[in-house]
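S.K.: no sequence for this one, just the structure:
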DNA sequence: CGGCGGATTGAGCGGCTTCAAAAAGCGTGG
DNA sequence: CCACGCTTTTTGAAGCCGCTCAATCCGCCG
C-alpha cells in the first residue's frame, strides 16, 4: 500500500496535518534525469515524492545500470539511507519531479510529535523489502515478456485508487528505462512491447499506459499484487507499534530481570 | 556486518548474555532441504542461524525458483516477517541446520529488557535491504562469470572474521543452488565454475571453497563488500537509536506543538 | 556392491544482444 | 507555423551467451 494511502486510513487528521505542513515547507523541484542522491554520498534527506516519478538505481563501473525501485507520488524514498554513513545507490528523477526533502531533524521532529506517523514510516520501509524480493525473482527467473508484463502490472496496480477500474494510467518510463528495470536491452524491450501490443493486451505511448486485458497480462506475468501489501490492515501497524514501543524505551539501565531469571532456571 | 559481530562489538556483556540464553532455550534442528517457512504462512518466529546455512527463496507456479538471500551462522532471518500477516517467501535449510526460533513475545521481551539489543535487531534488518539491491544488480546486469564470482566473493568475505586472510571457507551450496541464486542454469554454472578454476582463481569442491586469487576474482565481479556494511560503526547504531527513541514513545496524545507552530508561521 | 545425489560433458538451438541506421515524436525558438 | 535539434522508438541483420535435453561419471553411504 502506498504510504499516502496508509496516511489516509490510519492517521488521525491532526497528525496528517503535521505531515502535510512539513511536506509543503520542504518541497523542491528536480529536473528530469538529474540525480538526487549519488552513490557514496552522505545521506541528508528522506525524500517524499509529491509529483512525478523517481528511480533508485545502482551502476557498475562500465555503465551498466539496474533500476532497483520506482517511487510514485505519495511514496517515501530512502528512509533507511538516513541510518548509514554512505549510501550505496543513486536516486534520480525519472521526469520532472517534485519532492519534499525531510532532514533527520525533520523526521525526528515528526516522529516525536506524531508517534503514530512514526510507525507508518517504519512500516513503509519494511514493505519495501517485499518489493525487492519480487523484483529479484522477476529479473532472475522470468522471460522478457513475463518481466515486462510484470512491471506493467505493478505500475498499473500501484496507481489504482483502492479498487479502481480505470483502464489507463501514467507511465513515465522510456523503453530504455524499462530495460534498466528489467535487465533487458532497450531493443529487446521494444520488440517485446510490440508483441504485447499485437496480442491486444496493452497500449503504451507518450506517457500513458492503456491496459486492454489485465487478466491475461497478469497471467503471463504470474502477477499477484500481494507483495505490494495493498490490503495492509491496521493490525500490521499495531504489531509494529508493539515492537517499537519497547525498542524505543529510554531506560537503558534496567536490569533484564526476566531473562536473567530464565537463565537461572535453566542453569 | 553479520549480526553476531555487531553483538560482540556494540553490546555490553549483560545484554549479550540475555541474548545467548534466549537462543539456547529456543534451539531447534532442521534437516537439510526442508522448509522452515512457506509462502502464505502466518509468521510466528524470528530465526537465528546457529549452525549450517539457510536460504530465503521465492518460487513461481511452474517451479522456477530464485534464492533471494542466504543466512550464515550468526545471521538473523525474517525479522520483518513478524510484522505482516502472511509471508511472501520460503525459507529452507541449505544443509542440516540449527536455528533458534524466537517468538514475537521472545523478541518483545528481549527488546524491553535490552533496548540496545533491540536497536541492533533493527539495524540488521535495514542492512538487509542493501544486500537485496546488490543481488538485484548482480542478477540483472552481470554476466554468468561475473555473477558467480560475485557470489563467491560475498560468501567468502562474510565468513572472514574481521580482517582474516584464510584462503578457504565453508561452501554448502550445490551447483543447482548456485544456479538458483544467480538466475542461471545448473549446467551453465558448472561450465562457468570450470572457467574460474581454469583461470586459477578458485577451487570449489565438497563443501569447501578455496580462494586462490581473491583480487582478480573481485575484479571480475566488480565486488566491493561495501553493501555488507562490515565496517558498521557505533555511529550507525546511535543514529538508529535517535529515531527509535521518539518512534517508540508512548505519549500518543501530546500536542504536536512545534509543527503546528511552523504551520502558523507559514500561514 | 548398488543406489543416489551431485557434477560433468556433448550437441543443438533459440532468446536476447550487439551494432547500426532510419523513422518518428517532442520541445524550442525563429 | 515551420525548421531545427534532440530524444525516443522502430527496424534489420548477424552472432553469441546461456538454455535445453540427455547421457555419463563420480563420490559417498548404507
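M.R.: Nice, I can see it. Treat the numbers as computed from the prediction; the structure is a model and nothing was measured. Numbers count the residues shown, from 1 in each chain, chains lettered A, B, ... in the order given.
S.K.: next, give phi and psi for residue A:128.
M.R.: The phi and psi torsions at residue A:128 (degrees, to the nearest 10) take the values phi -60, psi -30.
S.K.: confirm for me that it is in contact with residue B:129.
M.R.: Yes: taking contacts as C-beta atoms under 8 Å, residue A:128 lies within contact range of residue B:129: 6.7 Å. Using the backbone N, CA and C atoms, a C-beta is placed for each residue, glycine as well.
S.K.: what touches both of these two?
M.R.: residue A:80 (C-beta atoms under 8 Å, 6 or more residues apart in numbering or on different chains).
S.K.: which one's more surrounded, these two?
M.R.: Taking other C-beta atoms under 10 Å in any protein chain shown, residue A:128 and residue B:129 do not tie; residue B:129 has more neighbours (23 against 20).
S.K.: next, count neighbours for the closest residue to that one other than its chain neighbours.
M.R.: In space, not counting the residues next to it along the chain, residue B:129 is nearest to residue A:80; the distance is 5.5 Å by C-beta to C-beta, 6 or more residues apart in numbering or on different chains. Counted with other C-beta under 10 Å, the neighbours of residue A:80 add up to 20.
S.K.: give the contact list for residue A:80.
M.R.: By C-beta under 8 Å, 6+ apart, the contact list for residue A:80 reads A:125, A:128, B:126, B:129.
S.K.: just want the phi and psi numbers for residue A:13.
M.R.: Main-chain dihedrals, residue A:13, degrees, to the nearest 10: phi -60, psi -40.
S.K.: quick one: pLDDT of it?
M.R.: On pLDDT, residue A:13 comes in at 83.
S.K.: that one: neighbouring residues, count only.
M.R.: For residue A:13, the count of nearby residues is 6 (other C-beta under 10 Å).
S.K.: do the same with residue A:107
M.R.: Using other C-beta under 10 Å: residue A:107 sits among 22 other residues.
S.K.: do residue A:92 as well
M.R.: 20.
S.K.: now it, what's its secondary structure?
M.R.: Under DSSP: H, G, I helix; E, B strand; the rest coil, residue A:92 falls in the strand class.
S.K.: among the contacts of residue A:80, which two are most distant?
M.R.: A:128 and B:126 (10.3 Å; C-beta to C-beta).
S.K.: so where do the strands sit in the stretch 151-267 of chain A?
M.R.: Here the stretch 151-267 of chain A has its strands, by DSSP state E, counting those that start in this stretch, at A:168-170, A:202-205, A:208-211.
S.K.: using JSON lines, please lay out these together with mean neighbour count and distance to residue B:215.
M.R.: Below are these laid out as JSON lines (neighbours: other C-beta atoms under 10 Å in any protein chain shown; distance: least, C-beta to C-beta, whole Å):
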{"stretch": "strand A:168-170", "mean neighbour count": "15", "distance to residue B:215": "47"}
{"stretch": "strand A:202-205", "mean neighbour count": "16", "distance to residue B:215": "45"}
{"stretch": "strand A:208-211", "mean neighbour count": "17", "distance to residue B:215": "46"}
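S.K.: worst mean pLDDT among these?
M.R.: Averaging pLDDT over each of those puts strand A:202-205 lowest, since it has a mean of 90.
S.K.: tell me how far it lies from the chain's centre.
M.R.: Centre-to-centre, strand A:202-205 and its host chain are 24 Å apart (C-alpha atoms, centre = their mean, to the nearest Å).
S.K.: pairing partners for it, with directions?
M.R.: strand A:208-211 (antiparallel) (DSSP bridges).
S.K.: gap between the partner strand and the chain center?
M.R.: Centroid separation between strand A:208-211 and its chain, computed with C-alpha atoms, centre = their mean, is 21 Å.
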